[in-house]
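A.B. asks: missing the sequence, but the structure's below:
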């Protein structure tokens, strides 16, 4: 799990800035072992990797019977589906959760606001902000609406109404400002830390994790098991770092990379099938394609976009083998471009695909397909180098012949032959046609002397 144990309170003080008097009480309470506080860090867009990381961190905290889980948060937002899974995990956690927007300069925008509202303790560093929680539509930019005006379409209105009810329910559960939460959804407003504290959006303002633990010590919070009093002084701090699984998940679920892996996988396999025996393109293509499919199944993919991508690739392949005067090629590039635009949410922070990358992949795809198609076309025009068809026009010696058929030695091999006319053994013959594995022959030089 990538767990880093910073030791008892004295070591935690060194790492997090706890004061010396806060670390000296463990000796006086030797009969009572210090509890643990788990620290998780969510930095960046909220996606499948963040869900996996937080879920396993909360499970570890439950197994360790920790006194508190601190989520240090800095996010521009993310996927609605991932945010809701995180909120469910927080609400189901038997260990109290404190979400701390930190360090200074951090933000809890969009999905981060919901996570903050779902936690028992909502804290912010002084120079941070939260808000702008309006949901967006997967696949296309969210339609805009002026404050107080109805959403421009029915689907947008449903999304906003659902998100408003969701954040209001979280606010009522935790006893926070539900009106401002709904305003953040409907009007995309934001608050600084002092304003959030004044409006009862957050619980407290803290300088760092050490200050947060001092301020929440002794507070009453509600968990699944009922009311509990937080005891966060003289604790053992467990910092949970992202392990290789979480880092791999973060990489393959990055939309731009997932799209690149998908294209590399398709073209690697295509190259291998077009040129059997290279092996390396097929191996690399298969690995990339499987990683891409793994990442895509973790993301809210628009399957119309995915279908357009495959259709575009099919058109480009057909252009390389079918003379369409460029119609299939233009259609393939167009289909691929629209598919890439629709594949993921272009509005959710951190989950859009840059336009320059889509254009680059479209150009590279067209060039690759035309290159492979050109090689295949030249190979089709090249004269045959092996096979029975190459014997047409070859000469040899007729070994035996009777009743229109016999055997001849041609290019060092013996072949069954058929012929017409007065052919005799020992004469020079020429192959005129091939039927299956039998050769039609005629005398090569009827006026000349016998071969032997």
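C.D. replies: Noted; the coordinates are in hand. Everything numeric in this text was worked out from a predicted model, so none of it was measured. Residues are numbered from 1 along each chain as shown.
A.B. asks: residue 397 contacts residue 408, doesn't it?
C.D. replies: Yes: at 6.4 Å, residue 397 counts as touching residue 408 under the criterion of CB atoms under 8 Å. C-beta: built from backbone N, CA, C; applies to glycine.
A.B. asks: please say which of those two ends up with more neighbours.
C.D. replies: Between residue 397 and residue 408, counting by other CB atoms under 10 Å, residue 408 is the more crowded of the two (25 against 16).
A.B. asks: after the helix or strand the more buried one falls within, which helix or strand is next?
C.D. replies: Assigned by DSSP states H and E, residue 408 belongs to strand 405-410. Per DSSP H and E, the first helix or strand lying C-terminal to strand 405-410 is strand 413-419.
A.B. asks: quick check: neighbours shared by residue 397 and residue 408?
C.D. replies: Counting by CB atoms under 8 Å, 6 or more residues apart in numbering, the common neighbours of residue 397 and residue 408 are residue 429.
A.B. asks: the strand holding residue 408: partners in the sheet, and parallel or antiparallel?
C.D. replies: strand 395-402 (antiparallel), strand 413-419 (antiparallel) (DSSP bridges).
A.B. asks: what's the closest of those to residue 438?
C.D. replies: strand 413-419 (5.3 Å; CB to CB).
A.B. asks: what does that closest one rub up against?
C.D. replies: 391, 396, 398-399, 401, 404-409, 429, 431, 435, 437-443.
A.B. asks: give me the buried subset of these.
C.D. replies: Neighbour counting over these (16 or more other CB atoms under 10 Å) leaves 391, 396, 398, 401, 406, 408, 429, 431, 439, 441, 443 as the buried ones.
A.B. asks: I figured the fifth one was touching residue 397, is that so?
C.D. replies: I take that to be residue 406. No: the criterion here is CB under 8 Å, and residue 406 misses it with residue 397 at 11.2 Å.
A.B. asks: okay, now residue 307: neighbour count?
C.D. replies: Residue 307 has 14 neighbouring residues, counting by other CB under 10 Å.
A.B. asks: just say helix, strand or coil for it.
C.D. replies: Following DSSP: H, G, I helix; E, B strand; the rest coil, we place residue 307 in the helix state.
A.B. asks: per-residue confidence at the closest residue to it other than its chain neighbours?
C.D. replies: Nearest residue to residue 307, sequence neighbours excluded (CB to CB, 6 or more residues apart in numbering): residue 339, at 7.1 Å. Model confidence at residue 339, given as pLDDT, is 88.
A.B. asks: for residue 339, what are its contacts?
C.D. replies: Per CB under 8 Å, 6+ apart, neighbours of residue 339: 304, 305, 306, 307, 308, 309, 310, 311, 312.
A.B. asks: among these, name the buried ones.
C.D. replies: 305, 306, 308, 309, 311, 312.
A.B. asks: how about the residues you listed in JSON lines, adding pLDDT and distance to residue 236?
C.D. replies: As requested, those are exported to JSON lines (pLDDT from 0 to 100; distance: CB to CB, whole Å):
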{"residue": "305", "pLDDT": "86", "distance to residue 236": "48"}
{"residue": "306", "pLDDT": "87", "distance to residue 236": "47"}
{"residue": "308", "pLDDT": "89", "distance to residue 236": "53"}
{"residue": "309", "pLDDT": "88", "distance to residue 236": "50"}
{"residue": "311", "pLDDT": "90", "distance to residue 236": "57"}
{"residue": "312", "pLDDT": "86", "distance to residue 236": "55"}
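A.B. asks: export the residues you listed as TSV, with columns for distance to residue 127.
C.D. replies: Below are the buried ones among the contacts of residue 339 laid out as TSV (distance: CB to CB, whole Å):
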residue	distance to residue 127
305	39
306	42
308	44
309	43
311	49
312	47
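A.B. asks: tell me the one of those nearest residue 183?
C.D. replies: residue 305 (33.0 Å).
A.B. asks: wait, doesn't that closest one sit right on residue 337?
C.D. replies: No: judged on CB under 8 Å, residue 305 makes no contact with residue 337 at a distance of 10.5 Å.
A.B. asks: which strands or helices does the one helix or strand residue 39 maps to pack on?
C.D. replies: Using DSSP H and E, residue 39 falls within strand 36-43. Of the remaining helices and strands, those touching strand 36-43 by 3 or more CB pairs under 8 Å, 6 or more residues apart in numbering; DSSP states H and E are helix 48-63, strand 68-74, strand 236-240.
A.B. asks: which one of those is the most hemmed in?
C.D. replies: By mean neighbour count, with neighbours taken as mean count of other CB atoms under 10 Å, strand 68-74 ranks first of the helices and strands packed on strand 36-43 at a mean of 26.
A.B. asks: so residue 69 sits against residue 96, correct?
C.D. replies: Yes: judged on CB under 8 Å, residue 69 makes contact with residue 96 at a distance of 7.1 Å.
A.B. asks: give me the buried positions along stretch 403-423.
C.D. replies: 406, 408, 410, 415, 417, 419, 423.
A.B. asks: and residue 194, what does it touch?
C.D. replies: By CB under 8 Å, 6+ apart, the contact set of residue 194 is 126, 205.
A.B. asks: dihedrals phi and psi, residue 191?
C.D. replies: Here is the backbone geometry of residue 191 (degrees, to the nearest 10): phi -140, psi 150.
A.B. asks: pretty sure it contacts residue 183?
C.D. replies: No: contact criterion CB under 8 Å: residue 191 and residue 183 do not qualify, at 9.9 Å.
A.B. asks: neighbour count for these two, which is higher?
C.D. replies: Using other CB under 10 Å as the criterion, residue 191 and residue 183 rank with residue 191 on top: 23 against 19.
A.B. asks: if I look at residue 46, how far off is residue 109?
C.D. replies: Distance, residue 46 to residue 109, by CB to CB, to the nearest Å: 10 Å.
A.B. asks: good, wrapping up.
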